[in-house]
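# 3D model of this:
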Amino acid sequence: MRVNIYSQELPLEMEAFGVQLGSQDSNTGIVYSFVRMFLYSSDRLHHPPADDDRSAITFWLPKSKEKRNMLAAQFRRMAELVDRAPPETGLD
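Numbers count the residues shown, from 1 in each chain. Next comes the predicted model:
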């Protein structure tokens, strides 16, 4: 599976920057943890105000510390590559 997120969907203004750590109980009794990055979406999609149906990317975390460390290393590597990437001609 491939997921494409376009730069126009990224909340790149600091006041809109949104990441979240959370967890969810399953009906099997297992608790799953996640990290989530919210994407830009129109305010018209969110009514009533208590309905949080914002666009987001959710990464469900592995259980073991070793695999979590590997995932964190992958995220750090992605950040390094973003910093090193050449200027693009795309849209902001």
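# and Trp60, how many neighbours?
When neighbours are defined as other Cβ atoms under 10 Å, Trp60 has 10 of them. (C-beta placed from N, C-alpha, C; glycine too.)
# my bad, should have said Tyr32
For Tyr32, using other Cβ under 10 Å, the count is 13.
# hang on, it in a strand?
Yes - assessed with DSSP: H, G, I helix; E, B strand; the rest coil, Tyr32 lies in a strand.
# pretty sure Gln20 is in a strand, no?
Yes - counting by three-state DSSP, Gln20 is found in a strand.
# check contacts around it.
Contact analysis of Gln20 by Cβ atoms under 8 Å, 6 or more residues apart in numbering lists Val35, Arg36, Phe38.
# confirm the first one sits in a strand?
What it means is Val35. Yes - Val35: assigned to a strand according to three-state DSSP.
# contacts only, for it.
So Val35 contacts Val19, Gln20, Leu21, Gly22, Thr58, Phe59, Leu61 (Cβ under 8 Å, 6+ apart).
# and with 7 Å instead?
Applying Cβ atoms under 7 Å, 6 or more residues apart in numbering, we find Val35 in contact with Val19, Leu21, Phe59, Leu61.
# dump those residues into CSV; add distance to Ser7, neighbour count and pLDDT as well.
Written out in CSV, the entries for the contacts of Val35 read as follows (distance: Cβ to Cβ, whole Å; neighbours: other Cβ atoms under 10 Å; pLDDT from 0 to 100):
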residue, distance to Ser7, neighbour count, pLDDT
Val19, 17, 11, 88
Leu21, 24, 9, 94
Phe59, 20, 12, 96
Leu61, 26, 15, 98
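# thanks a lot, see you next time.
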